[in-house]
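*Asks:* Could you work out the structure for the sequence below:
(chains A and B)
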Amino acid sequence: MKEQNRLAIVVRGVFLYFLGLLYLLHLNLLRENRMIQVIRESHDTPEEVARRLEAAGGRNRFGEPNYRVIWGWNRLAWIGGKFEDRDAHGDLVREVVELRLEPKYPQVNRWHVERWVPPEMYGSPRDWYAKTVESANGVSVPALGPYPERGEYEHCFTLQGPKGEFVQLTPTIVEHVARAIEWARRFPKAKQRGMLYEREARDEREYEQWAYTLMDDAVPALHGRPFVTVA
Amino acid sequence: MPAQANANVIALQLEKVRDKVPLLYERDDILLTMIQQRGDVEKISSRNLRLPLQVNPGGKAGSYNADGGDLGRGSGTQYDVAQVSPIFFRFAIEITKLVEYATTGRDRAIENAAKREVANGMKQFRSFLDKLIQTAGNGVLGTISSVSGTTFTMTVPYGAALVYPGQTIQIYDTTLTTNRNVAASVTTSVVTADPISTQQITVDNVPTGTVATDVIVHDGLSGAQPVSLYGIKYHQNNATTGTWLNLSRATYPIQLATPRVNAGNAALTPANVRLAINKVRKSLGINHLSKLIAYMAVEQEHAWENLGITVSSIIKEGGSGNGNDLDLLFTGRKTMSGISIKSSVNADQTRVDFLDLAHWGRAVLKDIDFYEVNGNTVFPIYGASGGLAASYIFYFDTAFQLWSDSPRSGAYIDTLARPSGY
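*Replies:* Residues are numbered from 1 along each chain as shown, chains lettered A, B, ... in the order given. A predicted model of the protein is given here:
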């Protein structure tokens, strides 16, 4: 009987111990939840992908790959100037002049293929600051951040389907994109121009064809003539 | 019983396809039809459509002395009202008596002729309206840079892009005050137009007094400072004088100004594009770019391709040569720094506009349809003598105006150089 009581006391003690632990855990969770946590889904580029891209696109004058692939949330760029911060209803909350590091592309949950662009593409540092410095409220900030002395990676392609759906990153896909862009770069500009106008002409022809088809659908079968039996 | 007139047969055929006319018109492949009729304001009467705009936020923020200090007064949000008036547009199509002779009364042949004219006419009408949407709301389709006989060389932009052969035009002086066609009592029609290489047009009649710097406006406008469709350059504008939808730009110099990047006659660069996009992001919020499109002429799309960092038309149109499944990746819309590109042969050749179509709408007074009088849609033509001419005529007509409820929701890059070869 005494042993049974002792066992009951031990069981109750263990039960209370775990109950206490659960309570402390609960308190800790509550305390953590009081803080606003901004969680951004970030991904590093797989090594195999980076290696295949480098093989496809080569390296630039700084020994860095000409092509790279990067996750949208990971790709940040400088944005400077007067920001108008708004609440969820779109109402203006405050205006502030500053330089911020923000996602560069609107599709933050997609992979992006970028190509390196040499610094001369951005003009001289003097031109850069002349064109990009914005002044507001007596404060001047370079709207695109400091001059890209080592060049910059610019957007080539977003990995997504024709309707914007997510496409999983694979080495084969990005290698194909890089090779296709390099392949296209070899063509003379006149050829590219011709392709653009050809596309416009084709779009026009497509409209015409679609319109005629639509018109044909607008009349009854056999143009309303009665069926006849041919002996 | 009177004999059946060809006009009646044509009218019968038009009736058969009447319900297809809106479908032909609304296909969303041109900017005009990408701008939706908005359900909340689409149908308007002949009175102005009123668009309430929040022009300034309300409330007074500040610190105060809790030890008996004065907390001060408050303020409310300031609103003003933009107003839109619809403009009537028509497109006239004539079918000659020859149709009847050529078809010798066969019902199906006449039906085919009518259908063909409806389809062709709608294509041309849409093209005309798409050209108008590029303009600044005054109907100006081009500026003459030099006159040589009946040949006008046109200034870029727009060059000869916004007119088409056969179009009736009017020539105004540069201040849009004097209508030279009215003054000289002549009508002018375009005979040829070359919008690709020479940017020249030839016309049948040159009104007396036509000089370089004169402008060409579309048919149907009259008086000084005519008003036409409010196009991109009307809404996407950083002017601080003049009016915008009946509001004074001087009163709201910041609220009504669209952010601008001046390219200074240099070629398009990624930096220009980022500057413009960032201006929108700073104004609207960093992650509010989902409905933005980059609207540009084919020339600027070419300039973007020339940078060699994008998926060019060589790949998209011609295929990369492999023809494998991965090419399907390229069937999506081409982008400019992640913003979808929509290009047009009619757009300003020196400009890229970033448009948030969620803020654009069409205020429609009359939907597209055949023009109708007492149930008739086909009308006879009368000759100079007062007798009948050997033709019939029918019209498409519609009445609408374009509006934007937030000029600051877009941005534009202008004075861009055109790539070599244009």
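
*Asks:* which residue lies farthest from the center of chain B?
*Replies:* Distance from the C-alpha centroid of chain B, by Cα atoms, centre = their mean, peaks at B:Asp67 (61.6 Å).

*Asks:* hang on, that residue is in a strand, isn't it?
*Replies:* No - going by DSSP: H, G, I helix; E, B strand; the rest coil, the assignment for B:Asp67 is coil, not a strand.

*Asks:* how much space between it and B:Ala257?
*Replies:* 44 Å (Cβ to Cβ, to the nearest Å). For glycine as for every other residue, the C-beta is placed from the backbone atoms N, C-alpha and C.

*Asks:* and the gap between the residue farthest from the centre of chain B and chain A?
*Replies:* Distance check for B:Asp67 against chain A: by Cβ to the nearest Cβ, to the nearest Å, it reads 27 Å.

*Asks:* Angles on the backbone of that residue, please.
*Replies:* The phi/psi pair for B:Asp67 (degrees, to the nearest 10) reads phi -90, psi 60.

*Asks:* Adjacent strands (with direction) for the helix or strand where B:Ile413 lies?
*Replies:* If you go by DSSP states H and E, B:Ile413 is part of strand B:411-414. Counting by DSSP bridges, the strands paired with strand B:411-414 are strand B:260-262 (parallel), strand B:352-356 (antiparallel).

*Asks:* which residues are contacting the last one?
*Replies:* Where contact means Cβ atoms under 8 Å, 6 or more residues apart in numbering or on different chains, the residues beyond strand B:352-356 that reach it are B:232, B:236, B:268, B:272-273, B:276-277, B:280, B:284, B:291-296, B:300, B:336, B:339, B:347, B:406, B:409-413, B:416.

*Asks:* Now the buried members of these.
*Replies:* Burial by neighbour count, 16 or more other Cβ atoms under 10 Å in any protein chain shown: within these this picks out B:232, B:236, B:268, B:272-273, B:276-277, B:280, B:284, B:292-296, B:300, B:336, B:339, B:347, B:406, B:409-413, B:416.

*Asks:* I'd like to know how many residues surround the residue nearest to A:Arg61 when sequence neighbours are not counted.
*Replies:* Nearest residue to A:Arg61, sequence neighbours excluded (Cβ to Cβ, 6 or more residues apart in numbering or on different chains): A:Pro118, at 7.5 Å. By other Cβ atoms under 10 Å in any protein chain shown, the residues close to A:Pro118 number 13.

*Asks:* Next: A:Asn5.
*Replies:* Neighbour number of A:Asn5 under other Cβ under 10 Å is 9.

*Asks:* Can you pull the domain assignment for chain A?
*Replies:* Annotated domains of chain A cover A:1-37, A:47-192 [automatic domain parsing].

*Asks:* Most tightly packed of those domains?
*Replies:* Highest mean neighbour count among the domains of chain A (mean count of other Cβ atoms under 10 Å in any protein chain shown): domain A:47-192, with a mean of 17.

*Asks:* returning to that earlier point: now do the strand holding B:Ile413: everything it contacts.
*Replies:* In contact with strand B:411-414 (Cβ under 8 Å, 6+ apart) are residues B:236, B:258-263, B:268, B:272-273, B:275-277, B:279-280, B:348, B:350-354.

*Asks:* With stretch A:61-74 instead?
*Replies:* Contact with stretch A:61-74 is made by A:40-45, A:49-50, A:53-54, A:56-60, A:103, A:105, A:107-116, A:118, A:150-151, A:153, A:156, A:159, A:169, A:174, A:178, as judged by Cβ under 8 Å, 6+ apart.

*Asks:* hang on, A:Tyr129 is in a helix, isn't it?
*Replies:* Yes - looking at A:Tyr129 with three-state DSSP, it is inside a helix.

*Asks:* Report the spatially nearest residue to it, omitting neighbours in sequence.
*Replies:* Nearest to A:Tyr129 is A:Pro142, by Cβ to Cβ, 6+ apart, at 6.0 Å.

*Asks:* give me the beta-bridge partners of the one you found?
*Replies:* With DSSP bridges as the criterion, A:Pro142 is bridged to A:Val133.

*Asks:* OK, contacts around it?
*Replies:* Counted by Cβ under 8 Å, 6+ apart, A:Pro142 has contacts A:78, A:80, A:99, A:128-129, A:132-134.

*Asks:* ok, now A:Arg110?
*Replies:* For A:Arg110, the contact set (Cβ under 8 Å, 6+ apart) comprises A:71-72, A:158-160, A:166-167.
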